[in-house]
Every structure is written in C-alpha cells, then in structure tokens.
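Trainee: Below is the structure, and that's it, no one-letter string:
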C-alpha cells in the first residue's frame, strides 16, 4: 500500500476544487463512504463546514487530504468495512483521532483507492493537528495495514529493513497524472531513455540517441531533463535510477544555454523540440558600410547562394544562415557553430577588407574559438574584440583647432591680432 497526503484548504476555492476532484466523473464509480462530524450529507458543504471551524484559529490550511492506494492484485482483499479500519489506523498515526472526516472510494480500471479529508482543527481547543513527519507516519500506517490484511508489502524509505537500499520511485504522482492525460506510458519513456543512455558515451551522443527515439533534452528548473512527445519533462536520474553526479558527468559537454526550456518544448507542436537559435555577430572594428545592391553579387562571386531581403543579404553558409548587413555579419545556426563555419566567417571578413574584427552574441566558448581563428588567419590580436571582454575598439582622437579665445587664455599664438583694426588708423587709398 502507498499512502500520500498533505495539508490544504487555505481558501474556499481550494476546498471547492478538492470536493470537485473527489466527485470527478473521470472515475468509473465514486462512492462517498462516510461523512462524519458534519450535519450536511453533501460533500461540498461538509468540507466547507470543516474549513469554517479553522476561521477561529491561526491555521490557514484547514484540511488534511490523504489517499490510500492498493496494488491491483490486492483489490479483492478489501471491502468497505476494511477500508474504514485502514482509515482509522492512518488517522491514529496522524494524530487526527476524533476529528471530523469524509471518506470517498474511487474505482477506475480495476483499481480501487480511497481518499480521506480530515478537519485539522479541534473544534473544542481550536488547535490544529501537526503535519510534521507526515511521510514517516504514512509509511508506518501502510505497513500496519499491510500486516493486518495480508497485503503485498511495499518497501518504504523510512520503514525499510537494515541493509535494504532506499527505494527510488520511477515516477512522481505528477508524472503518473501526466501519463494518464497524455496517454504516453511512463514505462515507455523509461525504456527509451535507458536504451539511449546505454547506446551513448557522452552528452552529444545521448541527445542524438534520444532524438531518434522521439525524445529530446530541455533545460528544467533543476538542470537538464528529457522531454517526451507531449512536452512532459522527465528527470534523467529518477527514470534511470542514477545519482545526480553520474548524470552530470555524462552531460557535462552539453551547453544548457542552447537547450529549449520546458515551457518552450511544451509549446512546440508535433513533439518536435525547437532548439534555441544561436545568433552570433562579427563586425569590423573600423565602421564600414556596403550598399545592399553590391552585397548579393559579392557573395555570389565567392560561390555562395545568396538572396536579398530588405536591408540585408541572406547567405546559405555551410549549413547555417549568414545575414550580411554591410556593417556586420550575423551567423544564425542551431547550437554552437562548427569549426568550418567559424573559419569561413573570418575568411570572408578578411576578403571584405576588414582591418579588425569584433565578435558578439552566442556563448563565451564560440567567441574564444572565433578569436583563436582570427589570430590564425592574421588579424592583429590588438584589433580582435570579444563582447565577453568588454572590448571597445580604440579610436584616434580627432584633430580639431583650438578656439581663439582658448588660445589667448592659454598664451598661445593666435591666427588673428588681439585687437581689431579701426579704419581711422590707416590712410585711405588714393582716389
């Protein structure tokens, strides 16, 4: 038996949603087995009554909701009377004996499980039952129930025998809910991830093996995850039963910044995961501008397929796209650029007559590689700039004449006399 539970009911809306879930028609049958401690036989009203008692206390989460789940093979061992006995055992472990409760039985696909909602606040003392150590209490109750009704024992992390490894769940409750919603079995995803892991030796090969099996990598809240066709994220360590250090070591060659987020993956139709397009720019250190009408034939003369689009020329550039704006070139590709793309980018910059080059955008790794290639091709190191270095091309100050009033103040020679000549000081020319 597996028991899960948590405190909830902080708002009337949450209470209503809980009641809606317990009466949901997605189950084959729903039976309200018991409502104790409320005058109303209606589940919605009963849970609302439970919460109203908490308004006189400091407790925000007025209810405790738990579910008791059996293996399909054990369903025939339980009946309504035994379920109420099992609920009483869990109630005692949680310190909720005597508290009002509602018990609901769900039956779906030959599987039966029970939901219980307790009023946490004692109506006479207005004190709420503690929810600390609830996971351990769930396991202790489950082991007692298994022993009482001769059910298949489940090894729990808190009640396992000495020497037994801590069990790791193949999927969380949220994972199983996603599988029910998307119709993609968790077992199928686990099997595909396992085969991809066994067929790969590093991060890049693992990503390739996943893609051949309809899966992809994405950036999750806690690191790299696998995303299935429906956009559901899966923890690699949990699915394979591996430690985080093992997963990190295998994936250390993958740049997380280039992966789509889970939200981006979910928004992609057909399960095809969009890669983040990496936009990289190279521009001359000395401003240059070439008319758009001249750029297209220039690239064609270099042997590239090029097409004009508004103020730029788009070039089919060694498996990527290069956008030439005249004063800069932008490289658009999926992931890190290849050595061939970087070499060609720098080479064409030299052919354009650039005396220096500045690299921007993309990852720090690509900028460092581009600088090394520019040095190899003969660009002076002092005229190679990287955005990550905060490089600003040095420009010689413009030579401008000093204003006359400043020259006089500084005691410098002036181009004009200090005093203005008057006509009376000079003889008039002869008629």
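Mentor: Okay, I see it. This is a predicted model, so every value here is computed, not measured. Residues are numbered from 1 along each chain as shown.

Trainee: and the helix ranked longest in the chain, how far from the chain's centre?
Mentor: The longest helix of the chain (DSSP state H) is helix 134-149. Its chain's average C-alpha position is 36 Å from that of helix 134-149, according to C-alpha atoms, centre = their mean, to the nearest Å.

Trainee: Against which helices or strands is that helix packed?
Mentor: With contacts taken as 3 or more C-beta pairs under 8 Å, 6 or more residues apart in numbering; DSSP states H and E, helix 134-149 sits against strand 2-8, strand 63-69, helix 80-93. (Glycine included, C-beta is placed from N, CA and C.)

Trainee: Mind giving me the packing neighbours of whichever helix or strand comes after the longest one?
Mentor: Just to be clear, that refers to helix 80-93. Downstream of helix 80-93, the next assigned helix or strand under DSSP states H and E is strand 101-108. Packing partners of strand 101-108 (3+ C-beta pairs under 8 Å, 6+ apart): strand 29-36, helix 43-54, helix 80-93, strand 111-119.

Trainee: any idea of the mean pLDDT in the third one?
Mentor: For helix 80-93, the mean per-residue pLDDT is 93.

Trainee: re earlier: so of the helices and strands packed on helix 134-149, which one's packed in deepest?
Mentor: strand 63-69 (a mean of 22; mean count of other C-beta atoms under 10 Å).

Trainee: what lines up beside that strand in the sheet?
Mentor: When pairing is defined by DSSP bridges, strand 63-69 lines up against strand 2-8 (antiparallel), strand 111-119 (antiparallel).

Trainee: Could you work out the end-to-end span of stretch 212-223 for me?
Mentor: 22 Å (C-alpha to C-alpha, to the nearest Å).

Trainee: Spit out the contact partners of residue 240.
Mentor: With contact set as C-beta atoms under 8 Å, 6 or more residues apart in numbering, residue 240 has these partners: 190, 193-194, 197, 247.

Trainee: Select from the residues you listed every entry located in helices.
Mentor: When DSSP H is applied, the contacts of residue 240 are split such that 190, 193-194, 197, 247 fall in helices.

Trainee: Burial check on the closest residue to residue 34 other than its chain neighbours, number of neighbours?
Mentor: The shortest distance from residue 34 to any non-neighbouring residue, by C-beta to C-beta, 6 or more residues apart in numbering, is to residue 103 (4.3 Å). Neighbour count of residue 103, defined by other C-beta atoms under 10 Å: 21.

Trainee: Pipe the helices and strands packed on strand 101-108 into a markdown table and attach distance to residue 387 per row.
Mentor: Shown next, in a markdown table, are these (distance: least, C-beta to C-beta, whole Å):
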| stretch | distance to residue 387 |
| --- | --- |
| strand 29-36 | 61 |
| helix 43-54 | 56 |
| helix 80-93 | 60 |
| strand 111-119 | 56 |
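
Trainee: Which of the strands paired with strand 63-69 sits closest to residue 60?
Mentor: strand 2-8 (8.9 Å; C-beta to C-beta).

Trainee: which residues touch the closest one?
Mentor: 14, 18, 61, 63-69, 90, 94, 120, 131, 134, 138-139, 141-142, 154, 173.

Trainee: again, only using 7 Å
Mentor: Residues outside strand 2-8 that contact it (C-beta atoms under 7 Å, 6 or more residues apart in numbering): 14, 18, 61, 63-69, 90, 120, 131, 134, 138, 141-142, 154, 173.

Trainee: same check, this time on stretch 364-373
Mentor: By C-beta under 7 Å, 6+ apart, stretch 364-373 touches 280, 336-337, 342-343, 346, 359, 384, 386-388.

Trainee: one step back: tell me the most packed of the contacts of residue 240, by neighbour count.
Mentor: Ranked by the number of neighbours (other C-beta under 10 Å), these place residue 193 first, at 22 neighbours.

Trainee: Confirm for me that that one is in contact with residue 239.
Mentor: Yes - the pair residue 193 and residue 239 passes the contact test of C-beta atoms under 7 Å, sitting 5.1 Å apart.

Trainee: Go ahead and confirm residue 320 touches residue 331.
Mentor: Yes - Residue 320 is within contact range of residue 331, at 5.8 Å (criterion: C-beta under 7 Å).

Trainee: So between those two, which is more surrounded?
Mentor: Between residue 320 and residue 331, counting by other C-beta under 10 Å, residue 331 is the more crowded of the two (26 against 21).

Trainee: which residue packs closest to the more buried one, ignoring adjacent ones?
Mentor: Closest residue to residue 331 apart from its sequence neighbours, by C-beta to C-beta, 6+ apart: residue 280 at 4.5 Å.

Trainee: before we move on, what about residue 73?
Mentor: Closest to residue 73 by C-beta to C-beta, 6+ apart is residue 152, at 6.6 Å.

Trainee: and the one you found, what is it in contact with?
Mentor: Residue 152 is in contact with 71, 73-74, counting by C-beta under 7 Å, 6+ apart.

Trainee: And the strands in the stretch 151-300 of the chain?
Mentor: With DSSP state E, counting those that start in this stretch as the criterion, the stretch 151-300 of the chain has strands at 216-220, 223-227, 233-234, 277-284.

Trainee: ah, wrong one, I meant the stretch 301-431 of the chain
Mentor: Going by DSSP E, counting those that start in this stretch, the stretch 301-431 of the chain shows strands at 306-309, 312-317, 320-324, 329-334, 357-361, 384-386.

Trainee: Figure out which of the ones you listed is closest to residue 114.
Mentor: Using C-beta to C-beta, the strands of the stretch 301-431 of the chain put strand 329-334 closest to residue 114, at 50.1 Å.

Trainee: Return the set of buried residues in that closest one.
Mentor: 329-331, 333 (16 or more other C-beta atoms under 10 Å).

Trainee: go on, stretch 369-387?
Mentor: So, applying 16+ other C-beta under 10 Å, buried residues of stretch 369-387: 369-371, 373-374, 379, 383-386.

Trainee: can you tell me which two in those residues are farthest apart?
Mentor: 369 and 383, at 17.7 Å, using C-beta to C-beta across the buried residues of stretch 369-387.
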